[in-house]
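Novice: Here is a sequence with its predicted model. Questions after.
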Amino acid sequence: MPPTKSTAKRFFKKHWSNVLLVFFIVLMIFPQVRLPVVATVQRVIAFAPSTTKDGAVLQDYNWSLMDLEGHSLSFDSAKDQVGVLNFWATWCPPCVAEMPYFQRLYDRYGDRVQFYFVSDETPEVIHSFMAKHQYTLPVQIMRGPPPENLQSKALPTTFIFGKDGKIHVKKRGSAKWDSKSVFNLLDELLAE
C-alpha cells in the first residue's frame, strides 16, 4: 500500500531537522551553490566588531600596492589619515558575506576615510566579481608584504586605524561593518 499524505506529513514532521541537514549537505556539494549559501549564512550571523583600547601603532607605512588598472599605489598615503584596511578574496565565503556591509560603509565614509580592500587575485577576477555585485569599493592588489602590524594569515582580516596610526579594530572573520558602533568609532577618529 503506498504511503498516504498523512504518513509523509508525519515523517517530515518527525524528521524535519534530518531532511534539512541532508538538503544543506547536498547544496554544499555543488561549488556554484556553496559560496552564496555559506556567504548568506555568514551574513545572517555577522555582528559588529569590537574595538581595542591597547591597539598597536603603525610605525611603517612602506607597502607597495597596485590598483585594478595596474597603477602603482603606496600605502604611505594612509599616513595621518583614518583608514579601513580589509584583506579579502572573491572565493572566500566570509569575505563575500561582509562586502555589502563594506559597500554601505564606503558609501557613507568614502570621501573622508581611506579605504583599502586588498587581494592577491588577478584584476580580471576582481573586476568580474565587483561588476557582478555592483560594488564600487577601491580594490588594491598586493605587490609585497604588508607592514608587520598589518600581517594576517586569515581571510578576511580587517583593521581600522586612526590618524595617529593606532589600530582600533583588528577583526578576523566577517563582521557587520555598517553598524552604529563602527559609525561612532569612525566619527570619533575623524574628529580627533
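Specialist: That came in fine, so what should we check first?
Novice: for R172, phi and psi?
Specialist: Backbone geometry at R172, expressed as degrees, to the nearest 10, gives phi -100, psi 130.
Novice: Quick one: neighbours of the closest residue to it other than its chain neighbours, just the number.
Specialist: Nearest non-adjacent residue to R172, counting by Cβ to Cβ, 6 or more residues apart in numbering: A154, 4.4 Å away. Every residue, glycine included, has its C-beta placed from N, CA and C. For A154, the count of nearby residues is 11 (other Cβ atoms under 10 Å).
Novice: same question, L186
Specialist: Look at L186: counted by other Cβ under 10 Å, it has 20 neighbours.
Novice: Looks to me like it is in a helix.
Specialist: Yes. Counting by DSSP: H, G, I helix; E, B strand; the rest coil, one finds L186 located in a helix.
Novice: That one contacts F115, doesn't it?
Specialist: No. The criterion here is Cβ atoms under 8 Å, and L186 misses it with F115 at 11.0 Å.
Novice: Now for those two: what residues contact both?
Specialist: Common neighbours of L186 and F115 (criterion: Cβ atoms under 8 Å, 6 or more residues apart in numbering): Y109.
Novice: element containing I141, please.
Specialist: strand 139-142 (DSSP states H and E).
Novice: for R108, helix, strand, or coil?
Specialist: Three-state assignment for R108 (three-state DSSP): helix.
Novice: Against L105, how distant is W91?
Specialist: Here W91 is placed at a distance of 22 Å from L105 (Cβ to Cβ, to the nearest Å).
Novice: Of these two, which one has the most company?
Specialist: Counted by other Cβ under 10 Å, W91 and L105 do not tie: L105 has more neighbours, with 22 against 13.
Novice: From the chain's centroid, how far away is the strand or helix carrying the more buried one?
Specialist: If you go by DSSP H and E, L105 is part of helix 93-109. Relative to its chain's centre, helix 93-109 lies at 6 Å (Cα atoms, centre = their mean, to the nearest Å).
Novice: Right, I'll leave it there.
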